[in-house]
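Peer 1: Build the 3D model from these lines:
(one chain, ligands or ions: 1)
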Amino acid sequence: MANQVFGEVSYSDDSGKFKKNTNNKDQWMRLVDGENEIRLLTAPYQYVTHKYKKVGAGTKDYGEKVGCTMIHGSCQLCDAAEAMEDDAAKRDAKAKQRWFYGILDRKTGAYKILDVSYAVYSGIRDLARNAKWGDPTKYDINILVKKDAAPNEYYTVQPIPKEPLTAAEQSIKDKADLEDLKRRCQPLTLEQQQKRLDRINGLVDTDAKTTKSVAKTVTKSAAAPAVELATDDTELEDFPPYDGEEASA
Ligand SMILES: [Zn+2]
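Peer 2: Numbering: from 1, shown residues only. This is a model prediction of the structure:
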């Protein structure tokens, strides 16, 4: 019981027997077609993931995110991608870098987590590196989404003239849960990845608590993981929890 809370609590706090909900859909910023005005409240938090299409998936299935485990020495999804013969499918299946940001959604005024691919991240980075704009937490940005445009023109990151945060907005920023963002970037263990894949493929053992043990052994690798990263310009409508478990509620 490492997280016991003493003293004043709020009725809205989850505590005691209620499992903390780590994957509430409302906490995610969904980019819609057109304008998406936001204020970045945090630095980017980088992670590496695959887009996995379940066995026998149709062409309309865009896949689900499954974290890459190469940091632990092996990754069955990297191996599977490598074995693919079709170049486009291979590119699609490879591990990709993505980024989480804590943001203020200007439409609702609420704190949200934004999950972006390289297209949006690099647009923000360009602003950060621009001498006149600089630190992208100092002004709002508009992510213009054109769903009918060519893939490389889906996302445009536009800066909006600098305005300081109000006191209320600053307090949302001060409360941004950086530990939460950090946890979400943690690579899955081989076992967590296997569990997630089994669930996606409908292979979850419903009554047994025992998970099928992962046959693969972790090979120690002293060198940096050999993940070949590709850029990903697609957004997914799927927000897996960081621990590979299903959302609790
Ligand atoms: Zn991988």
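Peer 1: Which residues does stretch 166-186 contact?
Peer 2: Identification of contacts with stretch 166-186 by Cβ atoms under 8 Å, 6 or more residues apart in numbering yields 39, 41-42, 45-47, 100-102, 104, 111, 113, 137, 165, 241-243. (Each C-beta comes from the backbone N, C-alpha and C, glycine too.)
Peer 1: Figure out the length between the terminal residues of that stretch.
Peer 2: 33 Å (Cα to Cα, to the nearest Å).
Peer 1: in it, what's buried?
Peer 2: In terms of neighbour count (16 or more other Cβ atoms under 10 Å), stretch 166-186 has its buried residues at Glu169, Ile172, Lys173, Ala176, Leu181, Arg184, Cys185.
Peer 1: helix, strand or coil for the second one?
Peer 2: In terms of secondary structure, Ile172 is helix; the call rests on DSSP: H, G, I helix; E, B strand; the rest coil.
Peer 1: Tell me the confidence at it?
Peer 2: Looking at Ile172, its pLDDT stands at 96.
Peer 1: Equivalent analysis for the last one, please.
Peer 2: At Cys185, the pLDDT value in this model is 93.
Peer 1: How far off centre is the helix or strand bottoming out on mean pLDDT in the chain?
Peer 2: Across the helices and strands of the chain, the lowest-confidence element by mean pLDDT, DSSP states H and E is helix 87-93, at a mean of 89. On the basis of Cα atoms, centre = their mean, to the nearest Å, helix 87-93 sits 20 Å off its chain's mean C-alpha point.
Peer 1: just stretch 84-100 next, same as before
Peer 2: 16 Å.
Peer 1: contact partners of it?
Peer 2: Outside stretch 84-100, the residues that touch it by Cβ under 8 Å, 6+ apart are 44-53, 63, 68, 70, 75, 77-78, 80-82, 113-118, 121, 181, 184-185, 227-232.
Peer 1: Near the ion, which residues of this protein? Just list them.
Peer 2: Within the chain, the positions near the ion by Cβ under 5 Å from the ion are Cys68, Met70, Cys75, Leu77, Cys78, Ala95.
Peer 1: Tell me the most packed of those, by neighbour count.
Peer 2: Within the residues of the chain next to the ion, most neighbours by other Cβ atoms under 10 Å means Cys75, with 27 neighbours.
Peer 1: what residues are up against it?
Peer 2: Shown in contact with Cys75 (Cβ under 8 Å, 6+ apart): Cys68, Thr69, Ala95, Gln193, Val227.
Peer 1: Need those in CSV (columns: secondary structure and pLDDT).
Peer 2: As requested, these are exported to CSV (DSSP: H, G, I helix; E, B strand; the rest coil; pLDDT from 0 to 100):
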residue, secondary structure, pLDDT
Cys68, coil, 96
Thr69, coil, 96
Ala95, coil, 95
Gln193, helix, 96
Val227, coil, 53
